[in-house]
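*Asks:* Take this sequence and fold it.
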Amino acid sequence: RCQPFRCPLPSFERAAVLRARGRLWNSTFLEEFLAVTSVELIVRASVSVTSSIKNLVLKDGATQMPISIYLDPGAAVAGGVPWWVVPLAVLAGILLLALLVLILWKLGFFRRVRAVPPAVPQYHAVKIPREER
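*Replies:* Next up, the predicted model:
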């Protein structure tokens, strides 16, 4: 994919050197080019100058160069997780959960809250007399 960019050159004498760098990550390589182990890229670059100077001459304003990219096989191996890691992780999770429940039980987290007995006994209730008609 082409990525154009512009950079101002406010002042330069007789010559200027422009350098561009790029990276292709292994994950990008695996996503874009899954079935290949190497890619040959042809990088093309062109430079144009917009200036008010009339006698400005641009030599070698365009270039191209081939670049060979090889997949790093050590970084690309995705063999998965060994089978014994899954049961070990499940067992460790169950043990951790049991330890957490035991600690909460010892701290009284699972005890029921008892109803507070009333402050005034029921037999001291006040009776309001009825008016007779």
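*Asks:* Run the chain-centre distance for stretch 42-49.
*Replies:* Distance, stretch centre to chain centre, for stretch 42-49: 34 Å (Cα atoms, centre = their mean, to the nearest Å).
*Asks:* Contacts for that stretch, please.
*Replies:* The contact list for stretch 42-49 (Cβ atoms under 8 Å, 6 or more residues apart in numbering) reads 9, 18, 20, 56, 58, 61, 62, 63, 64, 65, 66, 67. For every residue, glycine as well, the C-beta is placed using N, CA and C.
*Asks:* could you turn it into CSV, dropping everything but the C-alphas?
*Replies:* The C-alpha trace of stretch 42-49 is given here as CSV (Å, rounded to 0.1, in the frame of the first residue of the first chain):
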residue,chain,number,x,y,z
ILE,A,42,9.5,-3.4,-5.0
VAL,A,43,9.7,-0.1,-3.2
ARG,A,44,9.2,2.9,-5.4
ALA,A,45,9.9,6.4,-4.3
SER,A,46,9.6,9.7,-6.1
VAL,A,47,10.4,13.2,-4.9
SER,A,48,8.9,16.4,-6.3
VAL,A,49,9.8,19.9,-5.2
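*Asks:* Residue 27 belongs to a helix?
*Replies:* Yes - applying DSSP: H, G, I helix; E, B strand; the rest coil, one finds residue 27 inside a helix.
*Asks:* That one: how many residues sit nearby?
*Replies:* Residues contacting residue 27 under the criterion other Cβ atoms under 10 Å number 10.
*Asks:* So it versus residue 33, what's the distance?
*Replies:* Separation of residue 27 from residue 33 (Cβ to Cβ, to the nearest Å): 11 Å.
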